[in-house]
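K.L.:
Quick one: sequence plus predicted model below, questions after.
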Amino acid sequence: MSEMIQLSVFRYDPEQGDKPTMQNYKVPITGSGMKLLDALNYIKWQLDGTLTYRRSCGEGVCGSDGVNINGVNGLACITPIAGLKQPIHVRPLPSMHVIRDLVVDMDHFFDQYRQIQPWLKTFTPTPEHERLQTPEQRAELDGSYECILCGCCTTSCPSWWWNGDRFLGPAALLQANRWIVDSRDEAMGERLDQLEDSFRLYRCHQIMNCMEACPKELNPTAAINNIKRKLLARKS
Amino acid sequence: MRERSVNNTRPLSPRLSIYRWQPAMIASILHRFTGLVLVLFVPLYLWLLHGMTGTAHHFADVTHWLHSGFGRLSLWLVGVSLMYHFCNGIRFLSIDAGWGESRDAMRNSARLVLGLTALVAVLLAVLLV
């Protein structure tokens, strides 16, 4: 008999229509370096096939399995079981509409990403070859391009919990900053115009939950501050 | 619209009740709370000022109140709030200016400000008792 780990998992079945509940499971440790996703997979494949969650790549690249783990958001696939306090409480990303169990409706989150117009905007004629960057200009994108849009940061933000309908949230703002600092993008003014709003940008009160939650160890708070400084520099 | 009506039937996942409190999160909420305390005590500052500059009778009243248990508690709360709001305000300003913006600096400065305030809270309590 191998060592067992205890989990307490958020369950909600829309067909039953009841209130969400927490369900306990016991899962054996299947190997060294076991991740939380392995435990969820064990439950789904061996114990209870009705448990529903999103997952795809299993290595922290696709951003499908963002969940709340013992009170902090993270990706189940890259969170080691070792070091987690038991029973491990697994809940869906906070302040989201739950479709079933750990699956939440991400439509609004991706709509906010769309709002910052995440593509290269240029006005100068397209050059014959690529729009080149120096290594230094490329380095400006470090800390922004790694974002996989898992939603861990945005759904960890109390400002977004209360004002998510109008505050864009850390993920969308980190992405907005990614295009603002891109040397090839020529629409910084337009982007700043769109962000200069007491709700869309300035609801950030430096709570920094986003920075603590980010599984890619990025810093959305710093990105938001960079946008604020760009706005200030434009005024002065 | 259809999407909205579907979401009306979907429960909202738990948020504040389950999220783990971390130093930076506590630092932010305390900044707002202490700011509120400092503003709400403005009538008290004015009353104290009035007592200090008014008649001898007023002065005795104010001195008596300041030595009462409630007076001391108020002084302690305002003192701790001022200390915290001042230190964390400097922290926020420096982060706004782009100084101490790394992940570790943000965490450690939150811990530093919280620790410093706890120390001052104890010292002030000892002084006032």
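P.N.:
Noted; the coordinates are in hand. Numbers count the residues shown, from 1 in each chain, chains lettered A, B, ... in the order given.

K.L.:
tell me the domain ranges of chain A?
P.N.:
A:4-104, A:107-235 (automatic domain parsing).

K.L.:
Against chain A, how distant is B:Met52?
P.N.:
Distance of B:Met52 to chain A, given as C-beta to the nearest C-beta, to the nearest Å: 36 Å. Just so you know, the C-beta spots here come from the backbone N, C-alpha and C atoms, and that holds for glycine as well.

K.L.:
Number of residues surrounding that residue?
P.N.:
Per other C-beta atoms under 10 Å in any protein chain shown, the neighbour tally for B:Met52 reads 11.

K.L.:
how about it, what does it touch?
P.N.:
Applying C-beta atoms under 8 Å, 6 or more residues apart in numbering or on different chains, one finds that B:Met52 lies in contact with B:59, B:62.

K.L.:
Toward the C-terminus from the one helix or strand it maps to, list the very next helix or strand.
P.N.:
For B:Met52, the host element (DSSP states H and E) is helix B:42-53. The C-terminal neighbour of helix B:42-53 among helices and strands, as given by DSSP H and E, is helix B:56-67.

K.L.:
can you redo the domains of chain A as a markdown table with mean neighbour count and distance to chain B?
P.N.:
Shown next, in a markdown table, are these (neighbours: other C-beta atoms under 10 Å in any protein chain shown; distance: least, C-beta to the nearest C-beta, whole Å):
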| stretch | mean neighbour count | distance to chain B |
| --- | --- | --- |
| domain A:4-104 | 17 | 3 |
| domain A:107-235 | 18 | 4 |
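
K.L.:
all helices in chain B, in order from the N-terminus.
P.N.:
B:2-9, B:23-40, B:42-53, B:56-67, B:69-96, B:103-128 (DSSP state H).

K.L.:
will you turn the ones you listed into a markdown table that also has mean pLDDT?
P.N.:
Converted to a markdown table, the helices of chain B look like this (pLDDT from 0 to 100):
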| stretch | mean pLDDT |
| --- | --- |
| helix B:2-9 | 67 |
| helix B:23-40 | 96 |
| helix B:42-53 | 91 |
| helix B:56-67 | 91 |
| helix B:69-96 | 96 |
| helix B:103-128 | 96 |
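
K.L.:
can you redo those helices as JSON lines with distance to A:Asn226?
P.N.:
Formatted as JSON lines, those follow (distance: least, C-beta to C-beta, whole Å):
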{"stretch": "helix B:2-9", "distance to A:Asn226": "33"}
{"stretch": "helix B:23-40", "distance to A:Asn226": "18"}
{"stretch": "helix B:42-53", "distance to A:Asn226": "35"}
{"stretch": "helix B:56-67", "distance to A:Asn226": "47"}
{"stretch": "helix B:69-96", "distance to A:Asn226": "11"}
{"stretch": "helix B:103-128", "distance to A:Asn226": "14"}
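
K.L.:
contacting residues for whichever residue of chain B sits closest to chain A?
P.N.:
At 3.1 Å from chain A, B:Arg20 is the closest residue in chain B, using C-beta to the nearest C-beta. Contacts for B:Arg20 were tallied using C-beta under 8 Å, 6+ apart; they are A:70-72.

K.L.:
Over to A:His205?
P.N.:
Counting by C-beta under 8 Å, 6+ apart, A:His205 has contacts A:159, B:28, B:32.

K.L.:
which residue packs closest to the last one, ignoring adjacent ones?
P.N.:
Of all residues beyond its chain neighbours, the one nearest B:Arg32 is A:His205 (7.4 Å), with distances taken as C-beta to C-beta, 6 or more residues apart in numbering or on different chains.
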